[in-house]
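In: Take a look and give me a structure for this.
(2 chains)
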Amino acid sequence: MQTLRRGLLAGLLAGLVLAMLDFVTDGTPGRLLPEALHWFGITIANPTISKFAGFFLLLVLGGVFGLIFGALQRERMITISRALLWGLALGFVWWLVYSLLLANIMSHRAPFGLDFGRFLSTFPIDLLFGVVLGAIYFQLQQQRRASAL
Amino acid sequence: MSISSSASNRKRVAVTGAKESSTATTPITLSERSITGLALIRIFVGYLWFQQLFWKLPPDFRGLYPYIINESQHAIIPGYGYMLQHTFLAGCTSLGSTSGCTLFVPLAAAVWTAELLVCLSLMFGIFTRFGAMLATILSVQLYVGLAYTGWIWTYGMIVLLALVLVAVPAGRRLGIDQWLAPRLQAAGQQHRIARIASWLV
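Out: Presented below is the predicted three-dimensional model:
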């Protein structure tokens, strides 16, 4: 239960970082936030509500990935290398599922179709989400350990 | 006797210690919250560089061309414009396109690659200080070339942000340097290359 709770918190915080990165884009602020809605085929006509909904959806998805991360640790104390590696792996899964497959399918493109610009704009950011998730999880674990001593 | 003697010794030590602490500089330790905050700043500075990759994408890096022309006309250091005209802009025949330019594409590719390294290093916190040094060089170059084309502090602030990240090991939280730094420090006791590499995390 501890690892699930820690994973959820780490996921929510990593999702918040991701949502904030999507907010501070060149051009209109929050321009990239509605993309998360697009992965699930949701369209909201009002651009402001659409950005807010995208922001909260990223938080929720971050929380879900955090829960998965926590579940994979099976109540064990983990090392920083394990935390970062699992984070990178989940970041890759995020990219594969959302930024590649769902984004392509919802735009009626080939599921694995990819151009250089789209790869560059999505892949590093999704991996970064994973690294931040793993690093926050590890930090929360260390805090817990320090307070227990 | 021995008790009073030891008591007076203790008193003397305490007085000397107080004198030393008033003259010596107290070491500063960053709290977890502070270093995590700096790590977040590092990620956003990396993202700043990341976004600038997209308006000058390979293979032609065309988006960079008007900026190089601008720099060659507004540089604040004498001779810098001349240098740009004989490297990046050598052979160029038009202000609107890169036709005739002989060195523009390879040099622009070098700039783009350096910016890619900066953003990957800062966002992922991997060899963060190296990335921050590279960011400092790139932003000083931007300051020299473009400072007077907008608000003068715009590029100055990017230089200062990069310098802060050179000074503080911001990659050791929320980054891969957290894993890398202790390993490089341990290896650095035996290998000189590892010792040098450990300065860059």
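In: Quick check: which ranges of chain B have low pLDDT?
Out: Applying pLDDT under 70 to chain B flags residues B:1-23.
In: So which bits of it are right by chain A?
Out: B:32, B:36, B:40, B:43-44, B:47, B:50-51, B:53-54, B:57-58, B:119-120, B:123-125, B:173-176, B:178-179 (C-beta under 8 Å from any C-beta of the partner chain). C-betas here are computed from N, CA, C, even on glycine.
In: Now a ChimeraX select for only the buried ones of the residues you listed.
Out: Written as a ChimeraX command, the selection of buried residues from those, which uses 16 or more other C-beta atoms under 10 Å in any protein chain shown, is:
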select /B:36,40,43,44,47,50,53,119,120,123,124,125,173,174,175,176,178,179
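In: and the residue of chain B nearest chain A?
Out: B:L174 (4.5 Å; C-beta to the nearest C-beta).
In: from memory that residue sits against A:F138, does it?
Out: No - contact criterion C-beta atoms under 8 Å: B:L174 and A:F138 do not qualify, at 9.7 Å.
In: longest single helix anywhere in chain A?
Out: helix A:116-148 (DSSP state H).
In: Any residue of it touching chain B?
Out: Yes - using C-beta under 8 Å from any C-beta, helix A:116-148 reaches chain B at A:116-117, A:120-121, A:124-125, A:127-128, A:131-132, A:135-136, A:138-139, A:143.
In: Now, of those, which are buried?
Out: When the residues of helix A:116-148 next to chain B are checked for burial by 16+ other C-beta under 10 Å, the buried set is A:120, A:124-125, A:127-128, A:131-132, A:135-136, A:138-139.
In: any chance of these in JSON lines, plus pLDDT?
Out: Below are those laid out as JSON lines (pLDDT from 0 to 100):
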{"residue": "A:L120", "pLDDT": "96"}
{"residue": "A:P124", "pLDDT": "98"}
{"residue": "A:I125", "pLDDT": "98"}
{"residue": "A:L127", "pLDDT": "98"}
{"residue": "A:L128", "pLDDT": "98"}
{"residue": "A:V131", "pLDDT": "98"}
{"residue": "A:V132", "pLDDT": "98"}
{"residue": "A:A135", "pLDDT": "98"}
{"residue": "A:I136", "pLDDT": "98"}
{"residue": "A:F138", "pLDDT": "97"}
{"residue": "A:Q139", "pLDDT": "96"}
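In: Output the set of residues of chain A in proximity to chain B.
Out: A:17, A:20-21, A:24-26, A:80-81, A:84, A:116-117, A:120-121, A:124-125, A:127-128, A:131-132, A:135-136, A:138-139, A:143.
In: What sits closest to A:N104 if chain neighbours are left out?
Out: Once flanking residues are discounted, A:N104 sits nearest to A:P111: 5.2 Å by C-beta to C-beta, 6 or more residues apart in numbering or on different chains.
In: Same check on B:S121?
Out: Nearest residue to B:S121 in three dimensions, chain neighbours excluded: B:G131, at 2.5 Å (C-beta to C-beta, 6+ apart).
In: Show the contacting residues for that neighbour.
Out: By C-beta atoms under 8 Å, 6 or more residues apart in numbering or on different chains, B:G131 lies in contact with B:46, B:117-118, B:120-122, B:165.
In: Swap in 6 Å and give it another go.
Out: Neighbouring residues of B:G131 by C-beta atoms under 6 Å, 6 or more residues apart in numbering or on different chains: B:118, B:121-122.
In: Look at A:T28 and say how many residues are nearby.
Out: Close neighbours of A:T28, defined as other C-beta atoms under 10 Å in any protein chain shown, add up to 9.
In: From the residues of helix A:116-148 next to chain B, pick the one nearest B:V111.
Out: Proximity of the residues of helix A:116-148 next to chain B to B:V111 (C-beta to C-beta) peaks at A:L120, which lies at 15.9 Å.
In: Now do the closest one against A:L114, distance only.
Out: Using C-beta to C-beta, to the nearest Å, A:L120 is found at 10 Å from A:L114.
In: Likewise for B:R62?
Out: The value you get for B:R62 to A:L114, if C-beta to C-beta is used, is 22 Å.
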